[in-house]
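In: Mind folding the following:
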Amino acid sequence: MFLREFDDPNLVKFTTIVKQLESDIDNGEIDVNNYSTDQLLSHLEDNDIILDVTDLYDMIKNPPLNTVIANIQGDKVIFKGHDDTQISPDQTQSQQVVQQMAQSAMPTK
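Out: Numbering: from 1, shown residues only. Reported below is the predicted structural model:
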């Protein structure tokens, strides 16, 4: 399903639901670290927007969902600004050590 398949009243309603979702995230009403696709689909269904997972994967690439959702990884919804894959200082240091080891293992001419 694509947004263009919604008629105008449903598109307005869908946009409103997404804005409410964004507000709930900002207010801490949604646990952004533990929010599943099933929860999102149920939230939409409670507001009379019926989608399946395939539709959801397609729709997160376009407005208005792409303004709130960064990605879906497995069954977990990753919200914009709450991506837990940020590099920590420990990871950066480990990457530097691996890079140095790789360089020292390369033969010199």
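In: State the helix or strand in which the closest residue in space to residue 30 that isn't next to it in sequence lies.
Out: Nearest residue to residue 30, sequence neighbours excluded (C-beta to C-beta, 6 or more residues apart in numbering): residue 24, at 4.8 Å. All C-beta spots, glycine's among them, are computed from the backbone N, C-alpha and C. With secondary structure defined by DSSP states H and E, residue 24 is part of helix 8-26.
In: ok, residues contacting that helix?
Out: Helix 8-26 is touched from outside by 3, 6, 30, 32, 40, 43-44, 47-49, 64-65, 67-68, 79, 82, with contacts defined as C-beta atoms under 8 Å, 6 or more residues apart in numbering.
In: Next: stretch 63-75.
Out: Here stretch 63-75 makes contact (C-beta under 8 Å, 6+ apart) with 3, 14-15, 18-19, 21-22, 25, 36-38, 56-57, 59-60, 77-83.
In: Just the buried residues of the helix holding residue 24, please?
Out: 14-15, 17-18, 21-22, 25 (16 or more other C-beta atoms under 10 Å).
In: what's the distance between the next helix or strand after it and the middle of its chain?
Out: Once the chain leaves helix 8-26, the next helix or strand it forms, by DSSP H and E, is helix 37-46. Distance of helix 37-46 from the chain centroid (C-alpha atoms, centre = their mean, to the nearest Å) equals 14 Å.
In: repeat for stretch 20-33
Out: Mean-position distance between stretch 20-33 and its chain equals 13 Å (C-alpha atoms, centre = their mean).
In: repeat for stretch 62-78
Out: The chain centre lies 3 Å from the centre of stretch 62-78; the measure is C-alpha atoms, centre = their mean.
In: next one: stretch 72-82
Out: 3 Å.
In: Compute the first-to-last residue distance for that stretch.
Out: 12 Å (C-alpha to C-alpha, to the nearest Å).
In: Buried residues, it. List them.
Out: 72, 77-79.
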